[in-house]
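Q: pasting the structure only:
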């Protein structure tokens, strides 16, 4: 399968994005939802939905891996927006869908209140020793603070690892974690993984938008014989460190 790259500035993509925004507007109105107060989340999901519509013909949730089997694309957990798990469980039970674009009014109000408060600076994972960093690298799941600490430790020569983004090329262009070493898009995962030439015995940390695609890719890589795979649990959304375009 060839690597697919979509130009965000192309008229065709902009037209599809406009249709997608109207689509998500309709979902919000139809179900009485609200958009996430964090506009960058909504924009990222809308771009991903538009991308998947152009690539696969359906608005598959961008936070889940899409596989093509016998020329037919299918989403892990059959996630097509607005997906059944979100409507039946996630939004009623948690107030927000997995991709975090659609919220209940109560969840959105609580988030707006949270953003208005001063948050304590997270320092618990900073200034780790070399031994602590090496132990941290053995974990299968990492939070944003832990990844920040590891990137800082790597810059000081205390540890070595590869940070791999498994989102799509367009998402990478929008913004990626500073220090990311490789882009291995899930839409062309096996081909780009081979091109990345990662050592199966080196420390590798994967991340995506909210942690779903990267967790799925981590399982695949483990089955392929990669021995030291970590996942940024809640994706780039949980990372407060420096990002670059």
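A: Received, thanks. This one's a predicted model, so the numbers in the text were calculated from it and none came from an experiment.
Q: So in the protein, which helix runs the longest?
A: helix 11-31 (DSSP state H).
Q: contacting residues around the next helix-or-strand element following it?
A: Remark: after helix 11-31, the chain's next helix or strand is strand 34-35, criterion DSSP states H and E. Strand 34-35 is touched from outside by 24, 28, 42, 101-105, 107-108, with contacts defined as CB atoms under 8 Å, 6 or more residues apart in numbering. From N, CA and C alone the C-beta is placed, and that goes for glycine too.
Q: Distance from strand 34-35 to the middle of the chain?
A: 20 Å (CA atoms, centre = their mean, to the nearest Å).
Q: Then stretch 232-244?
A: Chain-centre distance of stretch 232-244: 9 Å, with CA atoms, centre = their mean.
Q: Which positions within it qualify as buried?
A: By 16 or more other CB atoms under 10 Å, the buried positions in stretch 232-244 come out as 232-239.
Q: Which residues are in contact with the spatially most central residue of the chain?
A: For the chain, residue 209 is the residue whose C-alpha lies nearest the centre (CA atoms, centre = their mean; 1.4 Å). By CB under 8 Å, 6+ apart, the residues touching residue 209 are 44-45, 48, 62-63, 99, 167, 171, 235-237.
Q: In strands, which of the residues you listed appear?
A: Judged by DSSP state E, strands contain none of the contacts of residue 209.
Q: Now rank the residues you listed by neighbours and give me the top one.
A: Neighbour counts for these peak at residue 62, which has 30 neighbours (criterion: other CB atoms under 10 Å).
Q: so what's the closest residue to that one other than its chain neighbours up against?
A: Closest residue to residue 62 apart from its sequence neighbours, by CB to CB, 6 or more residues apart in numbering: residue 48 at 2.5 Å. Each residue near residue 48 by CB under 8 Å, 6+ apart is listed here: 61-63, 99, 168, 171, 209.
Q: okay if I get these as TSV plus pLDDT?
A: Output for those, formatted as TSV (pLDDT from 0 to 100):
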residue	pLDDT
61	94
62	91
63	88
99	93
168	92
171	91
209	92
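Q: Closest one of those residues to residue 92?
A: Nearest to residue 92 among those is residue 99, at 15.9 Å by CB to CB.
Q: So the closest one is in contact with residue 60, correct?
A: No: when contacts are counted by CB atoms under 8 Å, residue 99 is not listed as touching residue 60 (10.7 Å).
Q: coming back round to it: mind checking which of the contacts of strand 34-35 are in strands?
A: Taking DSSP E, the ones among the contacts of strand 34-35 that sit in strands are 102-103.
Q: Show the buried residues in the contacts of strand 34-35.
A: Using 16+ other CB under 10 Å, the buried members of the contacts of strand 34-35 are 24, 28, 42, 101-104, 107-108.
Q: Flag the shaky bits of this protein, pLDDT-wise.
A: Within the chain, the stretches with pLDDT under 70 are 1-4, 114-127.
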